[in-house]
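K.L.:
starting from these lines, generate the structure:
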Amino acid sequence: MDKPKRAKRPDGASTIYFGKDGYWHGRVTVGIRDDGKPDRRHVMSKVSEAEVIKKVRKLEAQRDAGKVRRAGKAWTLEAWLLHWVEEIAKPSVRDSTYSGYEVDVRVHLIPGLGAHRLAKLEPEHLERFYSKMLASGSKPATVHHVHRSLKTALNHALRRGHVTRNVAMLAAAPKVEEEEIDPYDLEEVQRLLTQAAKLPNSARWSVALALGLRQGEALGLRWTDVDLTRGVIRVRMNRLRPKYRHGCDGDCGRKAGYCKQRVRKNEDTANTKSRAGRRVIGLPDELARLLELHKEEQDRDRRRVGNAWRETGFVFTSPFGEPLVPSTDYDTWKDLLVSAKVRDGRLHDARHTAATVLLILGVPERVVMQIMGWSSTAMAARYQHVTAGILRDVAERVGGLIWEVAKGGGEVDSESSAGTR
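P.N.:
Numbering: from 1, shown residues only. Next comes the predicted model:
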């Protein structure tokens with residue numbers, strides 16, 4: 001009687017066999033290679049067939065879960081980060097975001113972790129690296145930014161099959177304390193505005209302290225965004241910090257920003273970062289009047305310099321029409337604090353001041369979010385301890401005034417007394 005033929009195994013099925021070399025072998029098809037041929041992975045064991053079966057089943061489970069690393073030359077972390085930042089991130093994110101990624105990659109990640117094989121990277125490697133950064137003087141916020149950039153880069157590697165997990169999702173990142181909100185009080189605001197009135201572009205500081213515009217938003221305003229008749233401004237653009245490239249092929253030996261033939265490589269403005277940042281804000285009558293006076297002053301500058309005027313349409317400009325440079329604007333703010341005899345603070349503290357005033361005045365949270373360009377109610381929640389403290393201070397002053405009168409022999413009518421019991 002003929003021996004029955006063994007059924008043919010289907011194409012692509014895993015195989016297990018004992019080789020002439022004395023080892024048990026297993027081969028598993030996990031996909032298709034770039035050249036269109038099957039991607040067959042090999043496992044082996046000298047111990048037993050059961051050991052190879054175990055390895056084959058594990059590889060099949062990884063394949064079915066989509067967690068098998070792609071075939072080909074293994075990436076180092078340095079090679080992947082350079083590819084990611086230049087070929088993936090640069091064409092798809094804002095210039096400012098790309099700049100942050102580039103610093104994280106070239107200054108921190110490549111020197112600290114670049115030699116690791118991408119697929120061999122472990123959470124503990126990252127945690128030790130973060131500890132070294134902190135020990136060398138980096139701020140927790142800097143380390144956290146580096147961590148977020150690495151997590152983004154590894155997410156792209158995961159989606160493309162170069163790694164089977166994102167170890168940055170498992171690593172413990174350093175805790176970052178929320179920045180302290182320290183708004184200026186009313187007296188400080190009044191001193192700042194009084195001193196600012198003596199400066200060119202004085203309305204710039206009224207816009208910051210009354211409306212809470214971010215620096216880029218204020219410097220990015222154009223007259224087409226301002227409707228003085230209706231009393232509104234439309235926030236749409238951010239003023240970008242200038243970036244330059246050499247115009248001399250680097251022969252001058254200086255950094256590109258100091259090259260005498262430097263050429264600017266980015267635009268003056270870009271869209272606001274989020275949809276919430278694009279908003280319409282109502283102007284108080286006093287601020288609308290200040291902007292009218294500022295426009296008249298700018299018109300006088302235009303006539304005074306004649307052909308030297310560069311028509312850019314920006315609300316806040318140099319005496320020759322050029323848009324203000326953010327670093328120069330920052331220096332002006334610091335000088336203003338000194339001349340107004342107001343405590344030192346960040347330019348962003350002017351924005352905190354505007355938000356605090358709005359909340360103290362009882363403006364609904366949703367309206368405050370619209371004015372400030374917040375996309376989350378969590379931002380408003382951060383101001384609660386500030387506004388609560390100021391309101392308590394007001395209550396104590398009012399209470400002290402009333403009850404000091406009573407202690408001093410002042411008469412308090414019966415209705416008032418009843419109301420305080």
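K.L.:
show me the strands in this structure, by range?
P.N.:
15-18, 24-32, 38-45, 226-227, 232-235, 237-239, 244-245, 263-264, 269-271, 279-282 (DSSP state E).
K.L.:
so for the chain, the centremost residue is which one?
P.N.:
Closest residue to the average C-alpha location of the chain: T97 at 7.1 Å, with CA atoms, centre = their mean.
K.L.:
excluding chain neighbours, what is closest to it?
P.N.:
Of all residues beyond its chain neighbours, the one nearest T97 is A89 (7.7 Å), with distances taken as CB to CB, 6 or more residues apart in numbering. For glycine as for every other residue, the C-beta is placed from the backbone atoms N, C-alpha and C.
K.L.:
and if you look at Q370?
P.N.:
Once flanking residues are discounted, Q370 sits nearest to R279: 5.8 Å by CB to CB, 6+ apart.
K.L.:
what of G257?
P.N.:
Using CB to CB, 6+ apart and skipping residues adjacent in sequence, the residue nearest G257 is Y244, 5.0 Å away.
K.L.:
burial count for L81?
P.N.:
26 (other CB atoms under 10 Å).
K.L.:
what residues are up against the nearest residue to it once chain neighbours are set aside?
P.N.:
Among residues not flanking L81 along the chain, V105 sits closest, at 4.8 Å (CB to CB, 6+ apart). V105 makes contact with 81-82, 84-85, 149, 153, according to CB atoms under 8 Å, 6 or more residues apart in numbering.
K.L.:
under the pLDDT cut-off, which ranges of the protein? List them.
P.N.:
Within the chain, the ranges that satisfy pLDDT under 70 run 1-12, 34, 69-73, 179, 361, 384-395, 397-421.
K.L.:
cutoff 50 now
P.N.:
1, 3, 411-421 (pLDDT under 50).
K.L.:
kindly state the domain boundaries assigned to it.
P.N.:
Structural domains annotated on the chain: 22-64, 77-169, as defined by automatic domain parsing.
K.L.:
could you dump those domains to a markdown table with distance to R264?
P.N.:
Conversion of those to a markdown table gives the following (distance: least, CB to CB, whole Å):
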| stretch | distance to R264 |
| --- | --- |
| domain 22-64 | 41 |
| domain 77-169 | 12 |
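K.L.:
tell me the most buried of those domains?
P.N.:
Here the criterion is mean neighbour count by mean count of other CB atoms under 10 Å, and of the domains of the chain the winner is domain 77-169, at a mean of 17.
K.L.:
leaving out the residues flanking it, which one is nearest to R191?
P.N.:
What sits nearest to R191 in space, not counting adjacent residues and going by CB to CB, 6+ apart, is A340, at 4.5 Å.
K.L.:
got it, and Q62?
P.N.:
Closest residue to Q62 apart from its sequence neighbours, by CB to CB, 6+ apart: V68 at 4.9 Å.
K.L.:
check the gap between that neighbour and A119 for me.
P.N.:
Distance of V68 to A119, computed by CB to CB, to the nearest Å: 11 Å.
K.L.:
pull up the overlap in contacts between the two.
P.N.:
In contact with both V68 and A119: T164, using CB under 8 Å, 6+ apart.
K.L.:
give me the number of residues near R245?
P.N.:
R245 is flanked by 15 other residues according to other CB under 10 Å.
K.L.:
same check on Y383?
P.N.:
Around Y383 sit 20 other residues, with neighbours defined as other CB under 10 Å.
K.L.:
that one reaches I181, doesn't it?
P.N.:
Yes - judged on CB atoms under 8 Å, Y383 makes contact with I181 at a distance of 6.3 Å.
K.L.:
between the two, which contacts overlap?
P.N.:
With contacts taken as CB under 8 Å, 6+ apart, Y383 and I181 have 352, 356 as neighbours in common.
K.L.:
list the contacts for the residue nearest to G257?
P.N.:
Taking CB under 8 Å, 6+ apart as the contact definition, Y244 lies against 256-257, 259, 262-265.
K.L.:
need the distance between the two termini of stretch 261-278.
P.N.:
Distances were taken as CA to CA, to the nearest Å; on that basis the terminal residues of stretch 261-278 are 36 Å apart.
K.L.:
can you list the neighbours in contact with that stretch?
P.N.:
Outside stretch 261-278, the residues that touch it by CB under 8 Å, 6+ apart are 94-96, 217, 220, 235-240, 242-248, 252, 256, 312, 323, 369, 373-375.
K.L.:
same check on stretch 131-147?
P.N.:
Outside of stretch 131-147, the residues that reach it under the criterion CB under 8 Å, 6+ apart are 100, 104, 108-109, 112, 126, 130, 168, 171, 173-177.
K.L.:
now, those residues that are in helices?
P.N.:
In helices, judged by DSSP state H, the following of the contacts of stretch 131-147 are found: 100, 112, 126, 130.
K.L.:
would you quantify the distance from the third one to Y17?
P.N.:
Distance of L126 to Y17, computed by CB to CB: 41 Å.
K.L.:
what comes up buried for stretch 295-303?
P.N.:
Within stretch 295-303, the residues that qualify as buried are 298, 302, counting by 16 or more other CB atoms under 10 Å.
K.L.:
can you count the residues close to V367?
P.N.:
Taking other CB under 10 Å as the neighbour definition, V367 ends up with a count of 11.
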